[in-house]
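# what would the 3D arrangement of this be:
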Amino acid sequence: MIGSGSEGVPADWKPLKVHLIGMGKMGLPMGCHLAAAGLEVTADDVNEARRAAASASGMTVVRGEDGIASAQVIISSLPNDDALLQVAQTVRRQAQAGALYVDTSTVSPACSAEVAAMLDERQLPYLRAAVSGNSSMAEAAQLTLLVSGPKAAYERLLPMLRLWGPHQFWLGEAEQARSMKLVVNLMIAQTSAMLAEALALGTKGGLRWADMWQVLTRSAVASPILKAKSAQLARRDFTPTFTVLQMAKDIKLILDEAERLKVALPQTAITLQMLHAAAANGDADADYAAMIGCAERAAGIQPGRD
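Okay, here's the model as predicted:
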């Protein structure tokens, strides 16, 4: 099922009191859109600078468990499985009856299923609302929402989810959103790994960097992700939209899920090694497309040479 974000929040929609946990590169802009739409938004983060940014953006910072206890909707944007489990335990203890919990993090299906069982003990509806897109897309309200969980909760919160982007997909009642996010991220990572090898081959064959990008972005392989990356990479700008370490974490989630399901992913396993090589070469905090430098070095090319 798909919804469109173009119509925004209906005039007759009753705003909810929302508490956000995690105000990083994704959580902060998502919170800003909620506050700008007139929702009553409180926020919390373990980082003082992020709390200050949330306050400056129109949200009320509430430390500890008070924000969870008073909210009708609790939203989290967290870095990993352990953080989600910790927050979910607090939600189970402190959330008011009937509160909705929405997690937007990229985590393992197994961890998410554990959270679902935990919240079911108190009959707290739980939406897995994985977001596809980077921080720039979050700021521009251009995220795609991959959602699973109780359909009634999804339909109730759809006006809010539309504030984050133009497309929302409801995929099922359980962990389908987590699985879909891993599928999407597998293809994003593999696109950069494929691109790294292609550019190394072209450079070694005498092609100019700018010429390759001009052709690639106007050819049959000009996917949306390639076009989006070209704006920076055509200038060899590896300022991160998503870092090498962040992508390595996601690839590990993908490979763990593949092992659980007995699915062979040999190319994805090699991509993880390319990410490790990029980190070892000092690019851990660069954009994950820094894998390009690894392919160049393997080909005997000095990275950055045109």
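# where along this structure do the strands fall?
For the chain, the strands defined by DSSP state E occupy 2-4, 17-21, 40-44, 60-61, 73-76, 100-103, 126-132, 144-148, 167-170.
# go through these and find the least confident stretch.
Mean pLDDT values for the strands of the chain show the minimum at strand 2-4, a mean of 39.
# quick one on the thing from earlier: among the strands of the chain, which is nearest M180?
strand 144-148 (4.6 Å; C-beta to C-beta). Using the backbone N, CA and C atoms, a C-beta is placed for each residue, glycine as well.
# list the pairing partners of that closest one within its sheet, with orientation.
strand 126-132 (antiparallel), strand 167-170 (parallel) (DSSP bridges).
# what's the closest of those to P266?
Nearest of these (C-beta to C-beta): strand 126-132, 24.5 Å.
# who touches that closest one?
Residues from elsewhere that reach strand 126-132 (C-beta atoms under 8 Å, 6 or more residues apart in numbering): 26, 30, 100-106, 112, 115-116, 119-120, 138, 143-150, 153-154, 157, 161, 164-165, 175-178, 180-181, 184.
# OK, contacts around the residue located most distally from the centre of the chain?
Distance from the C-alpha centroid of the chain peaks at G206, with 36.9 Å (C-alpha atoms, centre = their mean). Listed by C-beta under 8 Å, 6+ apart, G206 has no contact partners.
# report pLDDT for it.
At G206, pLDDT is 95.
# do the same with A248
97.
# so how far is S55 from A141?
Per C-beta to C-beta, to the nearest Å, A141 is found 21 Å from S55.
# now swap in L124 and tell me
From L124 over to S55 (counting by C-beta to C-beta), the distance is 28 Å.
# ok, those two, which is more surrounded?
L124 (21 against 13; other C-beta atoms under 10 Å).
# hmm, the more buried one is touching V91, no?
Yes. In this structure, L124 is within contact of V91 by C-beta atoms under 8 Å, at 6.9 Å.
# now D256. Nearest residue, chain neighbours left out?
Distance criterion C-beta to C-beta, 6 or more residues apart in numbering; nearest residue to D256, sequence neighbours excluded, is S108 at 6.3 Å.
# one step back: of the contacts of strand 126-132, which belong to helices?
Judged by DSSP state H, helices contain the following of the contacts of strand 126-132: 30, 112, 115-116, 119-120, 138, 153-154, 157, 161, 176-178, 180-181, 184.
# mind checking which of the strands of the chain is nearest A295?
strand 126-132 (25.6 Å).
# centre of the chain versus the closest one, how much separation?
Centroid separation for strand 126-132 versus its chain: 9 Å, with C-alpha atoms, centre = their mean, to the nearest Å.
# returning to what we had before: common neighbours of L124 and V91, please.
Residues touching both L124 and V91 (C-beta under 8 Å, 6+ apart): 99, 101.
# if I look at the residue farthest from the centre of the chain, how far off is M212?
For G206, the distance to M212 - C-beta to C-beta - is 11 Å.
# next one: H19
Distance, H19 to M212, by C-beta to C-beta: 47 Å.
# so between the two, which is more surrounded?
H19 (27 against 19).
# contacting residues around that one?
Here H19 is in contact with 41-44, 62, 67-68, 70-71, 73-75 (C-beta under 8 Å, 6+ apart).
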